[in-house]
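Enquirer: sequence and predicted structure below; questions after.
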Amino acid sequence: MAVKVFIDGKEGTTGLKIFERFAKRNDIEILQIDEEKRKDPVEKAKMINASDYTFLCLPDAAAIESAELCTNPKTVIIDASTAHRTNPDWAYGFPELDKSFREKISASNRIAVPGCYASGFISLGYPLVKSGILPKDYPVVIHAVSGYSGAGKKAIALYEAKDRNPELDSPRLYALTQVHKHLPEMKKITGLEYEPVFNPYVCDYFQGMTVTVGLHARLLAKKVTARDVWEMMSEHYAGSRFVKVAGFMGEGTLTEQFIPANTLAGTNNMEIFVYGNDDRIMLTSRFDNLGKGASGAAVQCLNIRMGIDEGESL
């Protein structure tokens with residue numbers, strides 16, 4: 001029997017991607033809301049409470065309002081917004097981080113899907129802190145690039161306009177005030193005591209992302225080499241289906257000494273690279289900001305919660 005799924009915010013980039021992934025599945029019935037009533041709280045409440053699973057693909061305030069409309073104790077809410085990612089009552093939807101994350105996802109009726117940049121950083125920072133290599137008070141600096149699809153519908157329209165501003169041809173640094181919606185979850189989930197310095201760039205390609213962290217070996221809590229860090233990361237993600245650690249210095253994955261950001265576009269995969277030297281150890285996470293960084297992660301969480309193959313429709 002098909003489970004009933006409602007996507008609140010199907011018109012947005014993440015909602016559309018989730019809808020596309022479900023459209024070909026015969027184990028899911030997608031509940032459709034009348035277009036003119038999609039913001040009507042009474043009608044939305046009907047849909048949410050009639051569903052087995054509701055996806056929230058909304059701005060934070062709207063996601064909070066929709067979550068509060070749920071009165072059916074059996075309805076599972078999977079929120080793709082920032083609103084609930086640091087709420088301890090919600091499962092954090094990154095099952096590869098640790099066995100405890102997967103177990104909470106599989107048992108919870110409230111699941112918060114990670115942010116795209118946060119997924120990249122946390123994939124690196126969580127194992128580093130857990131292993132005792134990275135001190136919790138380390139002055140972390142993050143550099144990240146993303147395709148413009150991650151900037152929302154208005155930005156996509158600007159990038160795809162025929163008469164667009166020439167400045168859009170180049171990478172553009174933003175979050176200049178060091179305030180970004182992903183920083184709270186970056187800090188909380190990794191266990192850091194301070195929010196990192198975060199330098200994100202939106203670039204002139206559609207999708208794909210890299211998130212990079214550099215470490216000064218002299219400031220780490222343990223005396224380690226770059227290869228030691230690679231071995232730790234490899235062990236941490238051993239057996240993971242979607243998160244893979246490339247060979248040391250990218251051996252076996254990189255054909256030349258470049259890490260392109262769009263290689264994994266259209267997939268739910270994530271690749272982690274460890275490189276550099278024994279004084280300055282570099283780590284990069286590469287993935288699709290619309291896949292493992294958004295809709296793919298949301299669908300993976302649904303599959304885990306349903307108790308089926310986590311890769312279904314991924």
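Expert: Cool, the structure landed.
Enquirer: which pLDDT value goes with residue 13?
Expert: Here the pLDDT value assigned to residue 13 is 86.
Enquirer: residue 224 versus the residue nearest to residue 217 when sequence neighbours are not counted, what's the distance?
Expert: In this structure, residue 217 finds its nearest non-sequential neighbour in residue 279, 5.5 Å apart by C-beta to C-beta, 6 or more residues apart in numbering. Heads up, the C-betas are built off the backbone N, CA and C, glycines and all. Distance, residue 279 to residue 224, using C-beta to C-beta, to the nearest Å: 12 Å.
Enquirer: re earlier: please report phi then psi for the residue nearest to residue 217.
Expert: phi -90, psi -40 (degrees, to the nearest 10).
Enquirer: isn't it up against residue 215?
Expert: No - using C-beta atoms under 8 Å, residue 279 makes no contact with residue 215, being 9.7 Å away.
Enquirer: looking at those two, which has the bigger crowd around it?
Expert: When neighbours are counted by other C-beta atoms under 10 Å, residue 279 and residue 215 differ, and residue 215 comes out ahead with 23 against 11.
Enquirer: and the residue lying closest to that one once chain neighbours are set aside, how many neighbours?
Expert: Leaving aside its sequence neighbours, residue 215 sits nearest to residue 281 (C-beta to C-beta, 6+ apart; 4.4 Å). Residue 281 has 24 neighbours, counted by other C-beta under 10 Å.
Enquirer: the one 4 residues further on too?
Expert: Using other C-beta under 10 Å as the criterion, residue 285 is surrounded by 25 other residues.
Enquirer: now do residue 204
Expert: 13.
Enquirer: could you do the one 5 residues further on as well?
Expert: In terms of burial, residue 209 registers 30 neighbours under the definition other C-beta under 10 Å.
Enquirer: one more: the one 10 residues further on?
Expert: Neighbouring residues of residue 219 were enumerated by other C-beta under 10 Å; the total is 11.
Enquirer: list the contacts for it?
Expert: 135, 138, 139 (C-beta atoms under 8 Å, 6 or more residues apart in numbering).
Enquirer: so the first one belongs to a strand, correct?
Expert: No - with DSSP: H, G, I helix; E, B strand; the rest coil as the criterion, residue 135 is assigned coil and is not in a strand.
Enquirer: any idea what residue 205 is structurally, helix, strand or coil?
Expert: Per three-state DSSP, residue 205 ends up coil.
Enquirer: that one contacts residue 150, correct?
Expert: No - counting by C-beta under 8 Å, residue 205 stays clear of residue 150, with 10.9 Å between them.
Enquirer: more neighbours: those two, which one.
Expert: It is residue 150, of residue 205 and residue 150, that has more neighbours when counted by other C-beta under 10 Å, with 25 against 17.
Enquirer: would you map the helices across the stretch 101-250 of the chain?
Expert: Along the stretch 101-250 of the chain, the stretches classed as helices by DSSP state H, counting those that start in this stretch are 116-130, 153-159, 183-190, 226-236.
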